[in-house]
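Novice: Can you look at this prediction? I've put the sequence above it.
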Number of protein chains: 2
Amino acid sequence: MMCFPHPESPRLSSYASDHLQLCSGNGHYEIASHQERTTPDAGACHCYGCFSGKHCEHLNSDCDLNIFHGDPTLFEEYWLTQPDAPTIIPSWQGLSYFAHRHNSYLFVDSFLEQTIRQLHGMIGNAVTEGRFLVLGVGSTQLYQAALYALTSPDSPTPTSVVSAIPHYSSFEGVTRFLDSRRFKWIGDAEKFRDSGTSEPYIELVTSPNNPCGSMNKAVVNGNGSVINDLAYYWPHYTPITAPADYPIMLWTLSKITGHAGTRLGWAIVEDEKIATKMAFFVQMNTLGVSQDAQARGVTLLRSITSSYNTRPERQPFFHLSQAVLEDRWARMSQALQNSSRFVLPEFEPASCSFFGRAFQPNPPFMWLKCKVDEDCAQLLKDHKIISRGGRAFGVSTQYVRVSMLDRRPLFDLLLSRLAALH
Amino acid sequence: MMCFPHPESPRLSSYASDHLQLCSGNGHYEIASHQERTTPDAGACHCYGCFSGKHCEHLNSDCDLNIFHGDPTLFEEYWLTQPDAPTIIPSWQGLSYFAHRHNSYLFVDSFLEQTIRQLHGMIGNAVTEGRFLVLGVGSTQLYQAALYALTSPDSPTPTSVVSAIPHYSSFEGVTRFLDSRRFKWIGDAEKFRDSGTSEPYIELVTSPNNPCGSMNKAVVNGNGSVINDLAYYWPHYTPITAPADYPIMLWTLSKITGHAGTRLGWAIVEDEKIATKMAFFVQMNTLGVSQDAQARGVTLLRSITSSYNTRPERQPFFHLSQAVLEDRWARMSQALQNSSRFVLPEFEPASCSFFGRAFQPNPPFMWLKCKVDEDCAQLLKDHKIISRGGRAFGVSTQYVRVSMLDRRPLFDLLLSRLAALH
């Protein structure tokens, strides 16, 4: 046992019970700042969107429900009810730019690398043996690192970047924002293929797809490079049918445990030269990845793997999360099955090697099509649901992306509002 | 008091005493990984460079002493002997992309912002009132964010980026690596000024300068923009003569507390539009800054400010650190004062408003010139000192940068090796 004094800095309360009891499960209990403190632990609830009241006990039924982002707050409930799994970082840990342990990647904590490889091994969703691991500040940074590694300043023209539509909404902006001479955003991969061009290209494949949840493969099939974004290839979202085995695979903590705020991603890379170039990009861009984020990653991922090694009273992480998502999808599908407004996506069941049974995918997003040719995001906005419209994904406004990952009471509100649109 | 179970994940030992006693102060004590563990706390020392032995008790006198980087490990000694100031992050904290508290900057912890403003106020080294704060993954990322914010895709030609030589060695690489159409690296600011060109430019001013320690000002004085890199404008390095008051000021945790591995920087920005563009860059580049790094920043910076509010038995942080650096510079200057090999930099004393007394700067680097026109870094390398040669800073190989920030026994080794070259 270790005993630490209460941290001096004003922070969120460290007690799960404070959040669950004092803030009705609808907010975080914040300890007041040092200056304002009158009693030792004086604090207040900071309520999540749509909630108010001293104890966040009121749901404001006419609030704007913001599910524009895919903020994975759904998983907070799991962590709030877990036995304490805090990350404790002594003040003298991680001062150096370089991780303390021998590692061929200067900035990578070797325990984190080991933990990531163990997790993929346990789930069976990726080939890691003989592959190289590159860390990034989320997979967003690693995507740029891969663009950098796959292109050259000596190329006479910028390399085309393509992705089958609907494609992840951030790819275009992230590819364009620095106006690099190395690469250029083209978009629609099928149109690029059909143009019959033989110029060099990089194809992005997000599978399961964001926004639509389908298991995508590369469509161009030329001599270009492929970056496989596998953020959602985890068994709470989709059946694991085989270990993913691609030259460049991107992963992120955000979509596994829900810790988007930690900003921790990794790439599994076949070619050492590509891995080295990607690590060089991370070095030039941010001089490595926060050692504190890495410490957090070790604690959280080991907490998940150990939920399968011990015999807890409750279901282990992926089992519980899959059940929650399956329940959400079932309720949503039932509520909208005879909808006169929306066409729902359909999924085939597949056998999952990790769970040892077949089930239908439960993607993090619902990709809706309005039956009438109208601006579907605007329709939702008129009914106080802030979602992301089709344009951002390279398709028409008749489509809209709805996050299935919000906190429980807000998901329930989403369900009731969509059902009322019936 | 809070009691937490020992973290399950294999980590560095959390006890300062383990590092100081078991590893002779020359290494970190690592707890073995779960698989290999035989007794509950079986571990081993991981020795710093130049040390070996089961308890890191041996200094290998013929080792290569690597001070190529400015890794601020000097400060580890302060933190190892501090009362526990751990950062404790419960598993349910910081899941969301967005900080939990209301803040106009979506990704910025408001407690961190408050703490940063308090620290600058206490030291008197920056004007913060009415200015905007932008967080970045170290000041390296913020430098790129500023380049982005100060340029436009509509500009007919890339904006020239200049800096007086010797300039910080990473600026060139960081400016060039993505081959952006928005800006281009030019280098030598004085040559640019003397060319009489009226084209748009961005000037970088690192003050105190890295590598040479001088208090630099912008030299071009045209209609361009200036980015002021103030990483070392803290009283352990240099007298604080007035609050810095520039439109864009870059700061980093690395050089204040030594926590380079945390990757936390901030910009203080006068113009809200520029601040917004910089924050947009951080959003596109890494989707914000790790909430765990931010939690660490709050704990560490508050620990420093509170070392001045309480009356400890030992000197507070900046006083102690200034004394350590002053002692290092005094010993080095004395050892090399009649050197036949090297010309040492000279500094004038100035009155420091924070300490209330005058002293000479004690820069983090010693910028040496070899008296004979030879490759000075090669000379050092021949004597097993790996340093950074003048070329990286835009000047001749007759110059070399030597870090003054390494751990105590390695600084002592550096001193004795340089003195032997006398």
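Specialist: Looks like it came in fine. Numbering: from 1, shown residues only, chains lettered A, B, ... in the order given.
Novice: Going by C-alpha atoms from here, please, whenever you check contacts or count neighbours.
Specialist: Noted.
Novice: Break chain A down into its domains, please.
Specialist: Per automatic domain parsing, the structural domains of chain A span A:16-63, A:66-77+A:315-420, A:110-307.
Novice: between those, which gets nearest to residue B:20?
Specialist: domain A:110-307 (21.4 Å; C-alpha to C-alpha).
Novice: pLDDT at residue A:373, what is it?
Specialist: Residue-level confidence at residue A:373 comes out at 92, pLDDT.
Novice: Check which helix or strand it maps to.
Specialist: Take DSSP states H and E as the rule and residue A:373 turns out to sit in neither a helix nor a strand.
Novice: okay, now it: neighbour count?
Specialist: Look at residue A:373: counted by other C-alpha atoms under 10 Å in any protein chain shown, it has 11 neighbours.
Novice: Show the contacting residues for it.
Specialist: Shown in contact with residue A:373 (C-alpha atoms under 8 Å, 6 or more residues apart in numbering or on different chains): residue A:398.
Novice: gap between residue A:156 and residue A:200?
Specialist: As for residue A:156, its distance to residue A:200 is 11 Å (criterion: C-alpha to C-alpha, to the nearest Å).
Novice: can you check residue A:330 too?
Specialist: Taking C-alpha to C-alpha as the measure, residue A:330 falls 43 Å from residue A:200.
Novice: Secondary structure class of the residue nearest the centre of chain A, three-state.
Specialist: Centroid-nearest residue in chain A: residue A:255, 3.1 Å away (criterion: C-alpha atoms, centre = their mean). Reduced to three states with DSSP: H, G, I helix; E, B strand; the rest coil, the structure at residue A:255 is helix.
Novice: wait, it sits on residue A:73?
Specialist: No. Counting by C-alpha atoms under 8 Å, residue A:255 stays clear of residue A:73, with 10.0 Å between them.
Novice: Residue A:390 contacts residue A:396, correct?
Specialist: Yes. The pair residue A:390 and residue A:396 qualifies as a contact (C-alpha under 8 Å) at a distance of 5.2 Å.
Novice: For the stretch 251-400 of chain A, what lies in contact range of chain B?
Specialist: Residues of the stretch 251-400 of chain A lying near chain B by C-alpha under 8 Å from any C-alpha of the partner chain: A:254, A:258-263, A:281, A:284-293, A:296, A:298-300, A:302-303.
Novice: contacting residues around the residue of the stretch 251-400 of chain A found nearest chain B?
Specialist: At 4.0 Å from chain B, residue A:259 is the closest residue in the stretch 251-400 of chain A, using C-alpha to the nearest C-alpha. By C-alpha under 8 Å, 6+ apart, the contact list for residue A:259 reads A:72, A:253, B:94-97.
Novice: Would you indicate which residues of stretch A:357-368 are buried?
Specialist: Residues of stretch A:357-368 classed as buried: A:359-368 (neighbour count, 16 or more other C-alpha atoms under 10 Å in any protein chain shown).
Novice: can you redo the residues you listed as TSV with secondary structure and pLDDT?
Specialist: Supplementary listing: the buried residues of stretch A:357-368 in TSV, determined by DSSP: H, G, I helix; E, B strand; the rest coil; pLDDT from 0 to 100:
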residue	secondary structure	pLDDT
A:359	strand	98
A:360	coil	97
A:361	coil	98
A:362	coil	98
A:363	coil	98
A:364	coil	97
A:365	strand	97
A:366	strand	97
A:367	strand	97
A:368	strand	97
